[in-house]
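Colleague: With the input below, show me the fold.
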Amino acid sequence: MPEARTPAQIEADIVRRREQLAETLDEIGVRMHPKTIVGDAKAKVASTVDQTAGRVVVAVNRLMTDVKAGLCNEDGSPRPERIVPVALFAVGVVGLVVVSARRKR
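Modeller: Numbering: from 1, shown residues only. All right, here's what the predicted structure looks like:
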């Protein structure tokens, strides 16, 4: 059989539970405050942007490495047999854009 509690013990339990409830309500109030919600949302967006930017940097770095590997020898010297066609293609695209822009006028 459990021991009977004294009124002082019961009162101490009530005081302790009130304090716990007050702490819980304060925490809920902080979490539900609009500034907290906005701050959490901003942090989540910033994290997502940082991750996306990191992926973009890695992808661009990989692309540049692949392009350099295709246009240069292992010693870093240019490979004219690959650079000339790429340059001619780029000049052709720019020329088409210029001609197209002049026709629209």
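Colleague: Who are the packing partners of whichever strand or helix holds residue 90?
Modeller: For residue 90, the host element (DSSP states H and E) is helix 80-104. The criterion is 3 or more Cβ pairs under 8 Å, 6 or more residues apart in numbering; DSSP states H and E, and the helices and strands that helix 80-104 contacts are helix 34-71. Every residue, glycine included, has its C-beta placed from N, CA and C.
Colleague: rewinding a little: what's the angle between the helix holding residue 90 and helix 34-71?
Modeller: 120 degrees (axes from the mean of the first three to the mean of the last three Cα atoms, to 10 degrees).
Colleague: Tell me, please, where in this protein the pLDDT is lower than the cut-off.
Modeller: 1 (pLDDT under 70).
Colleague: And the contacts of the helix holding residue 90?
Modeller: 70, 71 (Cβ atoms under 8 Å, 6 or more residues apart in numbering).
Colleague: mind checking how far that helix is from the chain centre?
Modeller: 36 Å (Cα atoms, centre = their mean, to the nearest Å).
Colleague: And stretch 97-105, by the same measure?
Modeller: 40 Å.
Colleague: Residue 101 and residue 42, how far apart?
Modeller: Plainly put, residue 101 is 42 Å away from residue 42 if you go by Cβ to Cβ, to the nearest Å.
Colleague: Same question for residue 33.
Modeller: Distance from residue 33 to residue 42, counting by Cβ to Cβ: 14 Å.
Colleague: cool, residue 79 as well?
Modeller: Taken as Cβ to Cβ, the span from residue 79 to residue 42 is 48 Å.
Colleague: helix/strand/coil for residue 75?
Modeller: Assigned state for residue 75: coil (three-state reduction, DSSP: H, G, I helix; E, B strand; the rest coil).
Colleague: and it, how many neighbours does it have?
Modeller: Other residues near residue 75 number 5, with proximity taken as other Cβ atoms under 10 Å.
Colleague: Tell me who's in contact with it.
Modeller: Per Cβ under 8 Å, 6+ apart, neighbours of residue 75: none.
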